[in-house]
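Peer 1: here you go, sequence then predicted model.
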Amino acid sequence: MSDSLQLQVHDLEVEVLTGVYSEETHLPQPLRISVTVDIAMPERFEPDTPLKASKNYMDVKHAATDALPKDVHFTLVEAVAEHICDTLFVGDARVRRVEVRIVKLAIAEQGESIGITLVRDRK
């Protein structure tokens with residue numbers, strides 16, 4: 001098994017058009033999105049290793065925020081997670097695996113976390 005590096009951007013709160021029920025389909029819902037990305041890495045990171053040897057965390061954040069279309073209604077949060085994975089795979093050939101966790105904040109009644117985790121490996 002080869003070494004890998006995990007980049008993590010967790011607990012982003014993002015407003016996304018998503019939902020199945022009529023009361024959910026006309027307004028964006030607050031989602032808490034966490035993304036973990038496994039990328040191929042160089043043999044070793046030295047003190048002077050440039051950023052291009054890794055991946056910018058802001059690319060991961062962008063995939064879960066600004067790269068989500070504001071005018072598209074995602075029926076399922078699973079489709080939101082798929083869009084995030086696709087964005088990261090297309091953006092960098094070194095991305096091997098993406099894990100996206102989405103919590104639907106609007107349906108929590110007592111602070112519980114209700115949502116999904118989707119994991120995709122590069123094919």
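Peer 2: Nice, I can see it.
Peer 1: can we go C-alpha only for contacts and neighbour counts from here?
Peer 2: Noted.
Peer 1: what distance do you get for Leu118 to Ile102?
Peer 2: Going from Leu118 to Ile102 by CA to CA, to the nearest Å gives 9 Å.
Peer 1: again with Val14
Peer 2: To Ile102, Val14 is 10 Å away according to CA to CA.
Peer 1: list the residues that contact both of the two?
Peer 2: Residues within reach of Val14 and of Ile102 at once, by CA atoms under 8 Å, 6 or more residues apart in numbering, are 31-33.
Peer 1: can you lay out those residues as CSV showing neighbour count and distance to Pro42?
Peer 2: Below are the shared contacts of Val14 and Ile102 laid out as CSV (neighbours: other CA atoms under 10 Å; distance: CA to CA, whole Å):
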residue, neighbour count, distance to Pro42
Leu31, 22, 34
Arg32, 19, 32
Ile33, 25, 28
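Peer 1: nearest to Asp71 among those?
Peer 2: Leu31 (16.1 Å; CA to CA).
Peer 1: thinking that closest one is in contact with Leu17, fair?
Peer 2: No - using CA atoms under 8 Å, Leu31 is not in contact with Leu17, being 9.9 Å away.
Peer 1: A helix includes Pro47, no?
Peer 2: No - Pro47 sits outside any helix when classified using DSSP: H, G, I helix; E, B strand; the rest coil, being coil.
Peer 1: spatially central residue for the chain, please.
Peer 2: Val35 (4.0 Å; CA atoms, centre = their mean).
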